[in-house]
Each structure stands twice: as C-alpha cells, then as structure tokens.
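> with the sequence up front, the predicted model follows.
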Amino acid sequence: MKSLRLILPMAIAFFLLTALGNMAMAQQMSKKHMDTMAKEIKFSDGKWKDIAAMAKKNKKYVFVDAYTTWCGPCKLLKSQTFREKEVISFFNKNFINVSVDMEKGEGLTLAQTWDVTAYPTLLFFNPEGKLIMKHLGFVDGARLIEIGKQSLAKM
C-alpha cells in the first residue's frame, strides 16, 4: 500500500510532464511550419483554367513565374527575390501566384500560348485572364514589386 502511494503520484507527474512536453513540441512545430510558409511567396497549384477561374471569381490578378529547372536566374528568383519579406507580403496580398515549369506538363502548352521563349519570364494577368505585362529576366525584390504595382494599375 505504501509503495502504491509513492508510485501513483510519480505516475501522474510523469503523465502530466509527458503531455505538457508533447503540447509544447506540437506548438513549436506548428510555429516552425507557419514561419516556413511566410518565408516565400505562396504559389498556387493546379491547372491554368482553374487558376484563371479562381482569379475571375475572386477578382484577383495573377502573377506567373515561368521557369525551367536548368535556368540559373530562375533559381536566383526562387532563392532570393521570392523570399524577400516585402515581396512576400505584396505578392501574397495582391495576386494569385503561380510557378510553372515551362518544359513539363501543361507548361509546354502554356509556353507556346504565352510566347515564352526566354527564362525567367514573369507574366501578369488581369482577373479576366488577359495578359497585361511580361518581364524577361531576373529582378530584385524592389523591381519586382514595382513591376507588380504597374500591372495592378493596368485595367
């Protein structure tokens, strides 16, 4: 009986400490996941027709990063420009963002449709799906925001 009185409080303490530790770890993992999400532009997945329909429905402009896997400046956009805090904030707020490998799947057709022949090509569409701006080559964050603002000003 005496040993039960000693074991029971220890078991309860162990259970509580384990539960609290798991909760703290879950919160930390959740925070880490949220921090990771906020470290780059959020790019939508899906077919172009679905993205265009979403843009029209939500009256949002669309930004398309047309890239290839072998393109050095494309890699710089992804690793630098698309990770700048001001760029993330501006593009996630104002655009539906899409990143398309122009040498795979639907990208092959879109490259022809949009006449994309150099990489990276940054494309801006109005909510009705009309191409309103096209920029070729690498840009830093300040220039990308400037181009984005210009595209939003075009009706």
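Yep, that arrived.
> now Ile51, what's its secondary structure?
In terms of secondary structure, Ile51 is helix; the call rests on DSSP: H, G, I helix; E, B strand; the rest coil.
> residues contacting it?
Contact partners of Ile51, counting by CB atoms under 8 Å, 6 or more residues apart in numbering, are 44, 62, 96, 98. The C-beta positions use only the backbone N, C-alpha and C, and glycine is treated the same way.
> Arg83: neighbour count?
Close neighbours of Arg83, defined as other CB atoms under 10 Å, add up to 14.
> the helix or strand harbouring Leu77 packs against which elements?
Assessed by DSSP states H and E, Leu77 sits inside helix 72-79. Applying 3 or more CB pairs under 8 Å, 6 or more residues apart in numbering; DSSP states H and E, one finds that helix 72-79 makes contact with strand 61-67.
> any low-confidence regions in the protein?
Applying pLDDT under 70 to the chain flags residues 1-38, 155.
> mind listing the strands for it?
With strands called from DSSP state E, the chain shows them at 43-44, 61-67, 95-101, 121-125, 131-136.
> quick check: phi and psi at the closest residue to Gly141 other than its chain neighbours.
Once flanking residues are discounted, Gly141 sits nearest to Glu84: 3.6 Å by CB to CB, 6 or more residues apart in numbering. The phi and psi values for Glu84, taken as degrees, to the nearest 10, are phi -70, psi 130.
> domains in this structure, by residue range?
By the assignment in automatic domain parsing, the chain contains the domains 1-37, 43-153.
> count of neighbours near Lys60?
By other CB under 10 Å, 18 other residues sit near Lys60.
> for it, give me its contacts.
Counting by CB under 8 Å, 6+ apart, Lys60 touches 54, 94-96, 127.
> among those residues, which ones are buried?
Neighbour-count burial (16 or more other CB atoms under 10 Å) applied to the contacts of Lys60 gives 94-96, 127.
> what's the most distant pair in the residues you listed?
Within the buried ones among the contacts of Lys60, Asn94 and Pro127 form the most distant pair, 11.5 Å apart (CB to CB).
> how about the helices in this structure?
Using DSSP state H, the helices found in the chain span residues 2-37, 48-58, 72-79, 85-94, 106-113, 141-153.
> need the residues touching each of Asn94 and Pro127.
Here Asn94 and Pro127 have 60-61 as joint contacts, going by CB under 8 Å, 6+ apart.
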